[in-house]
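In: no sequence on this one, just coordinates:
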């Protein structure tokens, strides 16, 4: 067993480092977690570029501080700044992007991008989808809705991205309790901690090529310790 584990670790090291594009609209704490994990070697990849619809958001500022290129998308109305959908696809291809990770990006991903990067775009949503998801369900509104609903358990979902909001097949989920005295803010903080952990784990799995797609289109995670076991 020990030799098998060593062989698998060596196999991961021999894999080409994957190039990741992260999309953000806000502070980018999930982006930071993923980026730091690449520096620490937890994720066998590199954040090659950051895409944002808000050029002055915290995530964009942090990326520039780290020397990561920042792309504005979509093109702002009545402005020459920002890329078109076609240009974005071309630029990401020029960066040789393997995976696109949405981390608090509040714009709908265009069909052109979904088609250009099949099975390569993933999003994190702060609820156990399909509950509390869809257009308009983001930020503090999601947490408030969960508390009002009386749900006892909650947590983030990472799913494959399709042409709609939060409807892609689920890849991974994390679970946290909803406490009797929770506010939207305390619940949000608890979920965010789970998001950071879960997204790093998924980024590592993607870069280690341990995603297997079931015939019905559901992505599964192959266990590193036991390749015949799926999560």
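Out: Cool, got the structure. In this text the structure is predicted, and so the values were computed from the model without any measurement. Numbers count the residues shown, from 1 in each chain.
In: toward the C-terminus, what is the element adjacent to the longest helix belonging to the chain?
Out: If each helix of the chain is counted by residues according to DSSP state H, the longest one is helix 184-207. Downstream of helix 184-207, the first helix or strand assigned by DSSP states H and E is strand 211-213.
In: follow-up on the earlier one: may I see the buried residues of the longest helix of the chain?
Out: 184, 187-188, 190-192, 194-196, 198-207 (16 or more other CB atoms under 10 Å). Bear in mind the C-beta positions are built from the backbone N, C-alpha and C, glycine included.
In: okay, now the unreliable bits of this structure?
Out: Judged by pLDDT under 70, the chain has its weakly predicted residues at 1-13, 78-79.
In: the helices in it, which residues?
Out: Under the criterion DSSP H, helices of the chain are mapped to 2-14, 29-40, 58-65, 85-94, 111-116, 140-149, 184-207.
In: for the fifth one, packing partners?
Out: To tie it back to what came earlier, the one meant is helix 111-116. When contacts are defined as 3 or more CB pairs under 8 Å, 6 or more residues apart in numbering; DSSP states H and E, helix 111-116 packs onto helix 85-94.
In: now the helix it packs on, how far from the centre of its chain.
Out: In terms of CA atoms, centre = their mean, to the nearest Å, the centre of helix 85-94 is found 19 Å from the chain centre.
In: now do the buried residues in it.
Out: Judged by neighbour count (16+ other CB under 10 Å), helix 85-94 contains these buried residues: 85, 88, 89, 91, 92.
In: what's that helix in contact with?
Out: With contacts defined as CB atoms under 8 Å, 6 or more residues apart in numbering, helix 85-94 is touched by 21, 49, 51, 71, 73-74, 83, 100, 110, 112-113, 116-117.
In: can you check stretch 213-231 too?
Out: Among residues not part of stretch 213-231, those counted as contacts by CB under 8 Å, 6+ apart are 5, 8, 119, 160, 169-172, 202, 205, 208, 210-212.
In: of all those, which two lie farthest apart?
Out: When CB to CB is used, the two most widely separated members of those are 5 and 169, lying 29.7 Å apart.
In: the more surrounded of those two?
Out: Between residue 5 and residue 169, counted using other CB atoms under 10 Å, the more crowded position is residue 169 (17 against 11).
In: still on that earlier bit, buried subset of the contacts of stretch 213-231?
Out: If you count burial by 16+ other CB under 10 Å, the buried members of those come out as 160, 169, 171, 172, 202, 205, 208, 210, 211.
In: now, which of those residues sits nearest residue 106?
Out: Checking the buried ones among the contacts of stretch 213-231 against residue 106 with CB to CB, the nearest one is residue 160 at 18.4 Å.
In: residues contacting the closest residue to the closest one other than its chain neighbours?
Out: Using CB to CB, 6 or more residues apart in numbering and skipping residues adjacent in sequence, the residue nearest residue 160 is residue 168, 4.0 Å away. Counting by CB under 8 Å, 6+ apart, residue 168 makes contact with 123, 159, 160, 161, 162.
In: next one: residue 185
Out: The contact partners of residue 185, taken as CB under 8 Å, 6+ apart, are 140, 143.
In: again, but for the one 5 residues further on
Out: Contacts of residue 190 were listed using CB under 8 Å, 6+ apart, and they are 176, 182.
In: go with 10 Å
Out: Taking CB atoms under 10 Å, 6 or more residues apart in numbering as the definition of contact, the neighbours of residue 190 are 143, 154, 155, 176, 177, 178, 179, 182.
In: and the nearest residue to residue 131 once chain neighbours are set aside, how many neighbours does it have?
Out: Among residues not flanking residue 131 along the chain, residue 151 sits closest, at 7.5 Å (CB to CB, 6+ apart). The criterion is other CB under 10 Å. On that basis, residue 151 has 15 neighbouring residues.
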